[in-house]
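Enquirer: sequence plus predicted model, see below.
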Amino acid sequence: MLDIASYESAAQGVLTEQVWDFIQGGSGSESALAANRAALDRLRIRPRVLVDVSQCSTATTVLGAPLAAPLGVAPMAYHRLACPDGETATAEAAGKAGSLLTVSMFASRTLEDIAAAASGPLWLQLYWLRERQALVELAARAAAAGFQALVLTVDAPRVARRPRDVRSGFSVPGDIRAVNLPAALMSSSHRRTEGASAIEKHSREQFDSSITWADLAWLRERTGLPLILKGVLTAEDARLALAHGASGVVVSNHGGRQLDSAVASADALPEVVDAVAGRALVAVDGGIRHGGDLLKVLALGADLAMVGRPVFWGLAQGGATGAAEVLRLLTEELDEAMALSGCPRLTEITRALITSR
Ligand SMILES: Cc1cc2nc3c(=O)[nH]c(=O)nc-3n(C[C@H](O)[C@H](O)[C@H](O)COP(=O)(O)O)c2cc1C
Ligand SMILES: CCCCC(=O)C(=O)O
């Protein structure tokens with residue numbers, strides 16, 4: 001497999017149509033989904049030549065953790081939809097590739113099993129549930145298992161209407177469970193209804209859509225782990241995130257799965273980078289499919305790029321091996337893009353490298 005697109009088509013051949021649509025799909029007209037790719041494609045690289053690129057290095061550290069490249073796996077629910085081992089396969093893959101793994105609150109393997117399979121840094125993603133005690137317990141288990149940060153997803157007061165899932169009557173198969181949460185909190189995710197998405201209905205029941213900036217203190221008082229906010233798309237919210245003690249933000253429109261008309265993540269990235277001004281970590285996700293895309297978001301000022309669907313495709317196609325290959329491929333492509341653009345070190349990747357067409 002020579003590119004990420006090959007993993008995508010291989011995965012389509014392996015997954016059921018309903019799971020495929022759940023993974024690939026976005027909200028509404030899928031315009032935010034398309035915008036992520038379009039924004040990256042619009043950016044082009046202004047390469048510099050006759051630079052000594054005989055020794056390129058993609059290595060970096062993120063919140064103190066060494067990585068082979070500024071690359072991480074975005075949180076995605078239920079990896080067992082893609083392969084039988086689920087998140088332990090992903091953890092093994094991320095470790096092999098030197099990437100960071102963000103585990104979803106709706107992971108289908110236990111935090112402890114995932115930690116045992118991991119050899120690299122782990123973060124735990126949370127949605128803010130009405131049942132706050134479940135958050136506190138998860139945060140404590142994550143810290144005990146060696147997770148290094150919490151990622152609170154803030155772009156999902158509820159799961160958006162995703163037409164593909166409504167049409168297919170998507171529900172989470174009964175044998176695949178969000179095993180880190182009490183079963184009673186999850187039962188409606190598995191309740192199949194024609195013409196409705198179970199996860200959208202579940203989120204209306206279980207997510208607390210009343211939380212505001214003021215509530216973040218409550219969570220921060222209950223964990224020693226750094227808190228990162230995922231789903232920030234404006235300078236205003238980036239400043240508020242810092243004012244409320246966040247250690248970082250993930251610039252993301254949730255892979256086009258939440259606000260359908262949202263700005264593309266690559267378009268939002270520069271204003272967030274400028275607002276954060278080096279005071280906290282800036283990660284980004286959405287549509288990153290090539291090493292060149294990595295180079296582009298690094299040039300716009302991201303400290304870390306995260307990929308979602310490509311990892312699912314790798315898992316579907318070849319379990320831990322497939323997912324590791326996807327992460328390695330992106331890292332190799334970044335290395336090549338750095339060499340061919342005259343940037344042997346990550347610090348040389350600046351905005352001067354970017355033009356829009
Ligand atoms: C199948 C799937 C499940 C997801 N589950 C979660 C989740 O549980 N928590 C979350 O914060 N984001 C979730 N996301 C969003 C991803 O973290 C990420 O923002 C998005 O997929 C990045 O875009 P990309 O897929 O284009 O790389 C999910 C995305 C997909 C495709
Ligand atoms: C309730 C599960 C939501 C996972 C998901 O599909 C997403 O966050 O995009």
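Expert: That came through fine. Numbering: from 1, shown residues only. Ligands and ions are numbered 1, 2, ... in the order given.
Enquirer: give me the element the closest residue in space to Val232 that isn't next to it in sequence is part of.
Expert: Counting by C-beta to C-beta, 6 or more residues apart in numbering, Val232 lies nearest to Val249, which is 4.2 Å off, once chain neighbours are set aside. Placement of C-beta: from N, CA and C, glycine included. For Val249, the host element (DSSP states H and E) is strand 248-251.
Enquirer: by contact count, what packs against that strand?
Expert: The elements that strand 248-251 packs onto, with contact taken as 3 or more C-beta pairs under 8 Å, 6 or more residues apart in numbering; DSSP states H and E, are strand 227-232, helix 235-243, helix 265-276, strand 281-285.
Enquirer: near ligand 2, anything from the shortest one?
Expert: Meaning strand 281-285. No. Judged by C-beta under 6 Å from any ligand atom, strand 281-285 stays clear of ligand 2, getting no closer than 11.4 Å.
Enquirer: contacts for that strand next, please.
Expert: Outside strand 281-285, the residues within contact range by C-beta atoms under 8 Å, 6 or more residues apart in numbering are 62-63, 72, 74, 228, 247-252, 255, 265-266, 269, 272-273, 276, 297, 300-308.
Enquirer: what's the angle from that strand to strand 227-232?
Expert: Going by axes from the mean of the first three to the mean of the last three C-alpha atoms, to 10 degrees, strand 281-285 is angled at 40 degrees with respect to strand 227-232.
Enquirer: and the next element down the chain from strand 281-285?
Expert: Going down the chain from strand 281-285, the next helix or strand is helix 291-299, by DSSP H and E.
Enquirer: close to ligand 1: what parts of this protein are there?
Expert: Looking at ligand 1, the residues of the chain close enough under C-beta under 6 Å from any ligand atom are 23, 36, 74-77, 104, 106, 125, 153, 230, 252, 254-255, 257, 285-288, 307-309, 312.
Enquirer: swap the cut-off to 5 Å and go again
Expert: 23, 74-77, 104, 106, 125, 153, 252, 254-255, 285-287, 307-309 (C-beta under 5 Å from any ligand atom).
Enquirer: next, format the helices and strands packed on strand 248-251 as CSV and append mean neighbour count.
Expert: Output for the helices and strands packed on strand 248-251, formatted as CSV (neighbours: other C-beta atoms under 10 Å):
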stretch, mean neighbour count
strand 227-232, 24
helix 235-243, 18
helix 265-276, 22
strand 281-285, 26
